[in-house]
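1. take a look and give me a structure for this.
(2 chains)
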Protein chains: 2
Amino acid sequence: MSVRVDLNISLDGFATTTDGTPDDPIGQDWMRLVAAYAATRTFRERVFGDTSGEGTTGVDDRYAAAYFEGIAAEVMGAGMFGLHTFPDDPDWRGWWGEEPPFRVPVFVLTHTPRADIEFENGTVFHFLSATPQEALDRATEAANGGDVRIGGGASTVREFLRAGLVDRLHVGITPMILGDGIRLWDDLRGLELTHDPHTETAESGVVHVTFSRRAT
Amino acid sequence: MSVRVDLNISLDGFATTTDGTPDDPIGQDWMRLVAAYAATRTFRERVFGDTSGEGTTGVDDRYAAAYFEGIAAEVMGAGMFGLHTFPDDPDWRGWWGEEPPFRVPVFVLTHTPRADIEFENGTVFHFLSATPQEALDRATEAANGGDVRIGGGASTVREFLRAGLVDRLHVGITPMILGDGIRLWDDLRGLELTHDPHTETAESGVVHVTFSRRAT
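-> Got it, this is the predicted structure:
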C-alpha cells in the first residue's frame, strides 16, 4: 500500500492558475497547463468517456495510465470538490457530473461535513473534518490494501507532504511560467533527501518528476 | 549574434543557495546544485584545467560544451564578480584566480566603477555603471559579431530577461528543493509565449530547459 500524489504544475512551481473569469471560470492558462495530459488516450477515455482510441500514446500517456492504476481510495481538499465555489448548496454533487472519474471512495476534507454522495460508477464522496493523518487512516482502511491518492489541491497536497505522509509524488511540469498562484514546493526543502527523484521528458515537452520515498 | 544565459537552478526555481557559513562559504547545497555540471569533462577541463579527459560525456557535457561555444563577451552583476563580498579592496582581482574561465571581455555592473583588470588568458574585467541595455550595447560591440552571455547572478539575469534582451535562456534544473534563495522565475509570466521552450533530461537526472526567442 502506497500513498501517492500526481499534480500538473508550471515550471515556476504553481499548481493553480489565476486567469479564470466568470465567462471562462477555468481559464486559458489551466487549459495550457494540462493540455498534454488531457490529450492522452487514457485521459480521453477515462475522464471524457471517449472510447474511440484517439489520443497520444507516448510518455505522457504512460503516466496518465499509471495515474489511475491501483488507486483504491482518494483524499481531497474541500476546494477540489468545489465546496469553496458552491458552499451553500447542500444538494450539489461536485463538478464531475454523474460519472466522476474516481470510481473509489473519496474523502473530502471540510470543516462542515455533509451527507455522503454516491454514484453508480463506484465513486462515493465522504466528507470529514480531520487531520491529514486521520483522513489518511480512513482512506487506508477503505482502500483495503490498495493505494491511496492525495488528489489535491496543491495546499492539501503540501500539508500531506510536510507531514511525511506521501510515498510517491509525481508532477508533470509544463514548460510555462505562470507567475502567480499556489506554489507546490514551498516549505519542502530537502524533499530529495527523503525521496529519491527521477526525471523524464515526454514528447510533448512536459517534464515528469517523481519523488519516491527511500527504503529505510 | 545572440544574447544567451545559462544557469543552474533547483526544482523550486532558486538560483542561489543559503547554507554557506564562514567555514564553508559556498555551502553543501551549492555543491549539490552544480554537481552534475561540475562532473562534466568540459567543466573539468575548462574551469579546473584538468586535461586528463576524465569527466562525464553525456547530455550534461553537451550543454557544458555549448556553454563555452561562441561566447565573445560577458556581462555580470557586481555580486558575481565578488564586489559584494570584497567591496573595500580595490586590488582584488575576483575569485577565479589568475585563470578566469571567461577568456573574453567581461562587463561587471557596479555603481562604483574601478580600473580594468586584465589577465593573460584574454579575460578583461571592465566595470561600469549602466542600464542593462547600455551594458549589452558595450558587450555587443566588444563581441564583434560573437555571442554575449549574461552570466549572472540570478537578479541580473532576471533584469535582462524582463527587459526582453535575452535570446536564449538555458537552465539546468537539479531535482532538489532548496526552499529559499533568489528565485529566477519571478515576474516572468508568459515567457513561453515569446520564447519557445525545449526540454531534455540528462543521465544525471538534471533537466535541461531552453527558451529560445521565437522568430518574428
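
2. the residue nearest to A:His84 when sequence neighbours are not counted: neighbour count?
-> For A:His84, ignoring the flanking residues on the chain, the nearest one in space by CB to CB, 6 or more residues apart in numbering or on different chains is A:Ala78 at 6.2 Å. Every C-beta, even on glycine, is put in place using the N, C-alpha and C of the backbone. Applying other CB atoms under 10 Å in any protein chain shown, we find 19 residues neighbouring A:Ala78.

3. okay, and A:Tyr37 sits in which element?
-> If you go by DSSP states H and E, A:Tyr37 is part of helix A:35-38.

4. that should have said A:Thr21, apologies.
-> Take DSSP H and E as the rule and A:Thr21 turns out to sit in neither a helix nor a strand.

5. who does A:Val209 form a beta bridge with?
-> Following DSSP bridges, A:Val209 is listed with bridge partners A:Val171, A:Thr199.

6. show me the contacts for it.
-> Shown in contact with A:Val209 (CB atoms under 8 Å, 6 or more residues apart in numbering or on different chains): A:His170, A:Val171, A:Ile173, A:Pro197, A:His198, A:Thr199, B:Leu11, B:Pro175, B:Val207.

7. and it, how close does it get to B:Ala135?
-> The spacing between A:Val209 and B:Ala135, counted by CB to CB, to the nearest Å, is 36 Å.

8. what does chain A put close to chain B?
-> A:11-13, A:175-180, A:183, A:185-192, A:197-201, A:205-207, A:209, A:211 (CB under 8 Å from any CB of the partner chain).

9. look up how far B:Thr110 lies from A:Phe102.
-> Per CB to CB, A:Phe102 is found 58 Å from B:Thr110.

10. tell me which residues are up against stretch A:66-79.
-> Identification of contacts with stretch A:66-79 by CB under 8 Å, 6+ apart yields A:2, A:4, A:6, A:42, A:46, A:84-85, A:101-102, A:104-111, A:135-136, A:139-140, A:142-153, A:155-156, A:160, A:170.

11. give the buried residues for that stretch.
-> Within stretch A:66-79, the residues that qualify as buried are A:Ala66, A:Tyr67, A:Phe68, A:Ile71, A:Ala72, A:Ala73, A:Glu74, A:Val75, A:Met76, A:Gly77, A:Ala78, A:Gly79, counting by 16 or more other CB atoms under 10 Å in any protein chain shown.

12. ok, and the last one, which helix or strand is that part of?
-> Using DSSP H and E, A:Gly79 falls within helix A:78-81.

13. next structured bit after that helix?
-> Along the chain past helix A:78-81, the next helix or strand (assigned with DSSP H and E) turns out to be strand A:105-109.

14. packing partners of that next one?
-> Applying 3 or more CB pairs under 8 Å, 6 or more residues apart in numbering or on different chains; DSSP states H and E, one finds that strand A:105-109 contacts strand A:71-77, helix A:78-81, strand A:124-128, helix A:132-143.

15. lowest average pLDDT across the ones you listed?
-> Here the lowest mean pLDDT among those goes to helix A:78-81, at a mean of 89.

16. give me the beta-bridge partners of the residue lying closest to A:Asp116 once chain neighbours are set aside?
-> Sequence neighbours aside, A:His126 is the residue nearest to A:Asp116 in space, at 5.5 Å (criterion: CB to CB, 6+ apart). On the basis of DSSP bridges, A:His126 takes part in beta bridges with A:Phe107.

17. once you drop chain neighbours, what's closest to the residue positioned nearest the centre of chain A?
-> Central residue of chain A (CA atoms, centre = their mean): A:Gly151, 3.3 Å from the mean position. Nearest residue to A:Gly151, sequence neighbours excluded (CB to CB, 6+ apart): A:Met76, at 4.1 Å.

18. distance of the one you found relative to chain B?
-> When distances are taken as CB to the nearest CB, to the nearest Å, A:Met76 and chain B turn out to be 23 Å apart.

19. tell me the bridge partners for that residue.
-> Residues in a beta bridge with A:Met76, per DSSP bridges, are A:Val108, A:Gly152.

20. ok, of the buried residues of stretch A:66-79, which one's closest to chain B?
-> A:Ala66 (17.6 Å; CB to the nearest CB).

21. filter the contacts of stretch A:66-79 down to the buried ones.
-> Neighbour counting over the contacts of stretch A:66-79 (16+ other CB under 10 Å) leaves A:4, A:6, A:42, A:46, A:102, A:104-110, A:135-136, A:139-140, A:142-143, A:146-153, A:155-156, A:160, A:170 as the buried ones.

22. residue ranges with poor pLDDT in chain A?
-> In the predicted model, chain A carries pLDDT under 70 at residues A:87.

23. now with 90, please.
-> Scanning chain A for pLDDT under 90 picks out the ranges A:20-26, A:46-50, A:68, A:79-101, A:112-113, A:215-216.

24. from A:Val106, how far off is the residue nearest to A:Gly151?
-> With CB to CB as the criterion, A:Met76 and A:Val106 are 6 Å apart.

25. overlap of the contact sets of those two?
-> Counting by CB under 8 Å, 6+ apart, the residues touching both A:Met76 and A:Val106 are A:Gly151.
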